[in-house]
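Enquirer: sequence unknown, structure follows:
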């Protein structure tokens, strides 16, 4: 495990460069992001450990960042003062572009992975905006009327994007849909709906799980991510501590997987770039956890074991699994952070399993998921 | 520290729940997007009195040609880039389709600039602007002109409506479509108890506001003066004159002076020449394009078109059109009436306009701040386009942002549109 101290700054987001395998950026804020400056770190993974290649200070705290998919030296940051800034890491000090349209804190920025020429942002002001790095004003504003913690383009389509908000809804927008009336909104999925799938019950055995899949009260959703291999799957999580996986082809059926386990709100989820059933989460409970959603072949076998009454999880977290749906489970956890973990990201290059996490303990940790999976 | 407190309580809510600040409707429409349909130039001729005023001997097409020419020179738009022109007109046969295409060519538009004319009665000028805005919004064209023109001097009269067939005459509601404006407005005024006193007071304010605005030079920027030939009725001599300002605005009008005028339609009626719109001549034009296009061409953006509405009402109650159309437009814009800074509501008759204003609960101080059709005239097809220049001019002079234009429409309709000053 490698470590870098973001001295005086509490981490909010971490992202590996999509172009350079040894480069990581961290968005952070002083005083836990409550008041004071923000800082964007550009870090290099070297033989001598992690070194700060550069940093950029901002007036207000930074809550998220996204590397430009069209330019290896640029990344955008989401700022507490409502601005979005584009930095070029070959330059010093100042952003090359700044956009001030959001009325409140910006919590998410995400680059369009397919078209690569636009990115989106979401804010406490209840809007999502789509931007071009070449334009002074936003291209489109999509209202959610709810504090929107997370917005993301689909990795499979240049015109589809999604968000989750404090109103407990996952929204899907398709920019090809008519703008009028619905503002491109094509689906609004209540995240707290009861699960209504029978996948894990097909063998005819009646087991207690099914009685506990009832609807939960709405709660703030803080994070979501598109599966990199299955274009229809989105994982979402938030205040109610559960990680849920939805199949957007049939949202009314409720989540296809529910993964209980975190002790406090989940701040970030990220699907593996290598394995279609594996995801990582970061939580206020100071842990990062690795999960399978239960869709991989090997896991199905294990699920059948569970249904035959064998011990479900080795660590004895039996209280949580009455909420579980879909046969997914925790594969391991990383508990080296000593404060809230706010961001986590997978390395896109090299051996599958490397990832990085940041938190309020002023630390970036770079670690291998495989090392925490056998505990 | 308030912000830090809010952020802290947000984190607290994550460990237990919270609500977001919502972007209000007005803030929402004030936002700028490259896809906005924007106005980069809006102007008009003076409005002059029908049969007597400066344009009494000028053809509608000539008024329009002059307006187009002024629009090109004032906006510095390359006429080759204008793809379509829509002209609202009521009285010319066929809404002037042939002569207004010809007027566009005279004005310097190339043959590649298409022209259509349309007639939605008194809202024709607005409908023309809306048609162009919608064509831009849906990608049919990039740049267009919405316009309106009317020569009531030469084309107003009984010939404007053809005979109703037996089929129409035998249908009671259909037959109502040909009841003259004056008669149905008298009926509506008495049914809705809009007294002559209320009408005259509204009309007097229109004259007073227009007189003050004209004296202060407030119309100067929206008017393009025009040199015309004019037959002096006293000497029967043809002169060349420059018409620079609206000539229907009478100075010193008061409730008392209006009170002396005889009713026009019924002996015991309440409507007269002083509290109804004037018969007038005039033309107006509005240059529209996408914001991204305007930026690319370096056009000055006056403001943007937000949305519009059209509704139908009973033919005999055509005067209530704005009352029904305005809430629809506001709802489409997502704003409340209190979020509108300036209302341009056509004064077809003081009776219907004041009724709409009162029934909608609008702040009268924000309605027609420079007077309206009672004071300076209502060249039917021109009015809807004229209101755009008057509105943007007023918003610019007062530093206000959100405006609505609206009018009642003969045969029972109403239109409204929401505009935002840049």
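Expert: Yep, that arrived. Keep in mind it's a predicted model, so treat the numbers as computed, not measured. Numbers count the residues shown, from 1 in each chain, chains lettered A, B, ... in the order given.

Enquirer: Which residue would be the closest one in the stretch 101-250 of chain A to chain B?
Expert: The minimum distance from the stretch 101-250 of chain A to chain B, using CB to the nearest CB, falls at residue A:147 (3.2 Å). No exception for glycine: its C-beta is placed from N, CA and C like everyone else's.

Enquirer: Isn't that residue up against residue A:166?
Expert: Yes: taking contact to mean CB atoms under 8 Å, the distance of 4.2 Å between residue A:147 and residue A:166 places them in contact.

Enquirer: give the contact list for the closest residue to chain B within the stretch 251-375 of chain A.
Expert: When distances are taken as CB to the nearest CB, the stretch 251-375 of chain A approaches chain B most closely through residue A:265, which lies 4.4 Å from it. Contacts for residue A:265 (CB atoms under 8 Å, 6 or more residues apart in numbering or on different chains) come out as A:220, A:222, A:238-241, A:283-284, B:14-15.

Enquirer: Tell me the buried residues in stretch B:393-411?
Expert: B:393-395, B:400-411 (16 or more other CB atoms under 10 Å in any protein chain shown).

Enquirer: ok, those vs residue A:74, which is closest?
Expert: Sorting the buried residues of stretch B:393-411 by distance to residue A:74 puts residue B:401 at the head of the list, at 34.8 Å, by CB to CB.

Enquirer: mind listing what that closest one touches?
Expert: If you count contacts by CB under 8 Å, 6+ apart, residue B:401 has them with B:26, B:30, B:341, B:395, B:420-421.

Enquirer: quick one: which of the residues you listed is nearest residue A:84?
Expert: With CB to CB as the yardstick, the closest approach to residue A:84 among the contacts of residue B:401 comes from residue B:30, at 18.9 Å.

Enquirer: ok, then the element right after the helix or strand of chain A with the lowest mean pLDDT?
Expert: Least confident helix or strand of chain A, by mean pLDDT, DSSP states H and E, is helix A:297-307 with a mean of 47. Of the helices and strands lying after helix A:297-307 in sequence (DSSP states H and E), the nearest is strand A:329-334.

Enquirer: Output the contacting helices and strands for that next one.
Expert: Here strand A:329-334 is seen to pack against strand A:288-292 when contacts are counted using 3 or more CB pairs under 8 Å, 6 or more residues apart in numbering or on different chains; DSSP states H and E.

Enquirer: picking that back up, ok, the residue of the stretch 251-375 of chain A closest to chain B to residue B:305 distance?
Expert: As for residue A:265, its distance to residue B:305 is 44 Å (criterion: CB to CB, to the nearest Å).

Enquirer: Over to residue A:347?
Expert: Going from residue A:347 to residue B:305 by CB to CB gives 49 Å.

Enquirer: Residue A:271 too?
Expert: Taking CB to CB, one finds residue A:271 at 43 Å from residue B:305.

Enquirer: quick one: secondary structure of residue 294?
Expert: As the question left the chain open, I've gone with chain A. The three-state label given to residue A:294 by DSSP: H, G, I helix; E, B strand; the rest coil is coil.

Enquirer: Oops, wrong one, chain B.
Expert: Using three-state DSSP, the secondary structure recorded for residue B:294 is helix.

Enquirer: what residues does the stretch 1-150 of chain A put near chain B?
Expert: Residues of the stretch 1-150 of chain A found near chain B, taking CB under 8 Å from any CB of the partner chain as the criterion, are A:31-35, A:80, A:101, A:103-105, A:124-127, A:135, A:137-141, A:143, A:145-148.

Enquirer: just the strands in the stretch 251-400 of chain B please.
Expert: Counting by DSSP state E, counting those that start in this stretch, residue ranges of the strands within the stretch 251-400 of chain B are B:280-290, B:303-312, B:342-345.

Enquirer: most packed of the ones you listed?
Expert: Taking mean count of other CB atoms under 10 Å in any protein chain shown as the contact definition, the stretch among the strands of the stretch 251-400 of chain B with the greatest mean neighbour count is strand B:280-290, which reaches a mean of 32.

Enquirer: For that strand, what is the distance to the chain centroid?
Expert: The chain centroid and the centroid of strand B:280-290 are separated by 10 Å under CA atoms, centre = their mean, to the nearest Å.

Enquirer: and it, which strands flank it?
Expert: The pairing partners recorded for strand B:280-290 under DSSP bridges are strand B:37-44 (antiparallel), strand B:48-49 (antiparallel), strand B:143-151 (antiparallel).

Enquirer: gap between the shortest one and the chain center?
Expert: Going back to what we said before, that points to strand B:48-49. Distance, centroid of strand B:48-49 to centroid of chain: 17 Å (CA atoms, centre = their mean).

Enquirer: Give me the contacts around that strand.
Expert: If you take CB under 8 Å, 6+ apart as the criterion, strand B:48-49 is touched by B:54-56, B:243, B:246-248, B:278-282, B:377.

Enquirer: remind me, longest helix of chain B?
Expert: Counting residues, the longest helix in chain B under DSSP state H turns out to be helix B:196-215.

Enquirer: Report the next helix or strand after it in sequence order.
Expert: Note on helix B:196-215: by DSSP H and E, the next helix or strand toward the C-terminus is strand B:226-232.

Enquirer: quick one: buried residues of that next one?
Expert: For strand B:226-232, a neighbour-count test (16+ other CB under 10 Å) marks B:226, B:228, B:230 as buried.

Enquirer: Please apply the same query to stretch B:36-55.
Expert: The neighbour-count criterion (16+ other CB under 10 Å) identifies B:36-50, B:53-55 as the buried residues of stretch B:36-55.

Enquirer: can you check stretch A:159-179 too?
Expert: When burial is assessed from 16+ other CB under 10 Å, stretch A:159-179 yields the following buried residues: A:159-175, A:177.

Enquirer: can you tell me which of those residues are up against chain B?
Expert: Near chain B, taking CB under 8 Å from any CB as the test, the members of the buried residues of stretch A:159-179 found are A:165-167.

Enquirer: now those as a markdown table including pLDDT and secondary structure?
Expert: Below are those laid out as a markdown table (pLDDT from 0 to 100; DSSP: H, G, I helix; E, B strand; the rest coil):
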| residue | pLDDT | secondary structure |
| --- | --- | --- |
| A:165 | 96 | strand |
| A:166 | 94 | coil |
| A:167 | 92 | coil |
